[in-house]
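A.B. asks: Requesting a structural model of the entry that follows:
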Amino acid sequence: MSTELKLTQQQAEAIGQFQKLKVGALFMRPGCGKTRTAVELVNYNHPDYLLYITPHSTISNIQDELNKWGVDCKYDVIGYETLASSDKTYSAYMKKVAELKPERKCLSLQMRAFLLKVEKAKGLEEVRKSEGISTML
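C.D. replies: Here you go, the predicted structure:
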């Protein structure tokens, strides 16, 4: 566990289910600890790099939560609006992920709205299918 605070039953059940999956969707009510659950899953998977894609308005909160719960890898948090509107930024992050050695893990936490909006426009489905990249929606 990332901290001393005990996981709720719902968080523990979600983690147990995700540990069996390569791809999945985490649906929990606001305030139920989705970020904490995600951090536990990231640490369970031991990736070398985490790319956390979220609405720009929540970046600061997500960074605080990641620091609070203790992510055990290098990470970046970026707004999906930035990726959707900037080819330069999008290319830089895709290059960063592609440069990871094939045997290394990269975990990408993404908002579904981002995937629906950008996937077709920028070919993200090819990145998601790449070996070594797992996605939690």
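
A.B. asks: Count the neighbours of Gln10 for me.
C.D. replies: Using other Cβ atoms under 10 Å, Gln10 has 13 other residues around it. Quick note: C-beta positions are derived from backbone N, CA and C, even for glycine.

A.B. asks: Am I right that Asp76 is in a strand?
C.D. replies: Yes: assessed with DSSP: H, G, I helix; E, B strand; the rest coil, Asp76 lies in a strand.

A.B. asks: Name the nearest residue to it, sequence neighbours excluded.
C.D. replies: Computed as Cβ to Cβ, 6 or more residues apart in numbering, the closest residue to Asp76 that is not its neighbour in sequence is Leu51, at 5.7 Å.

A.B. asks: partners of that neighbour in the sheet?
C.D. replies: Asp76, Ser108 (DSSP bridges).

A.B. asks: That one: how many residues sit nearby?
C.D. replies: 21.

A.B. asks: Quick check, it in contact with Lys74.
C.D. replies: No: Leu51 lies out of contact with Lys74 (Cβ atoms under 8 Å); the separation is 10.0 Å.

A.B. asks: Check the secondary structure at Leu5 for me.
C.D. replies: At Leu5 the chain is in coil, as set by three-state DSSP.

A.B. asks: what about it, distance to Ser57?
C.D. replies: 26 Å (Cβ to Cβ, to the nearest Å).
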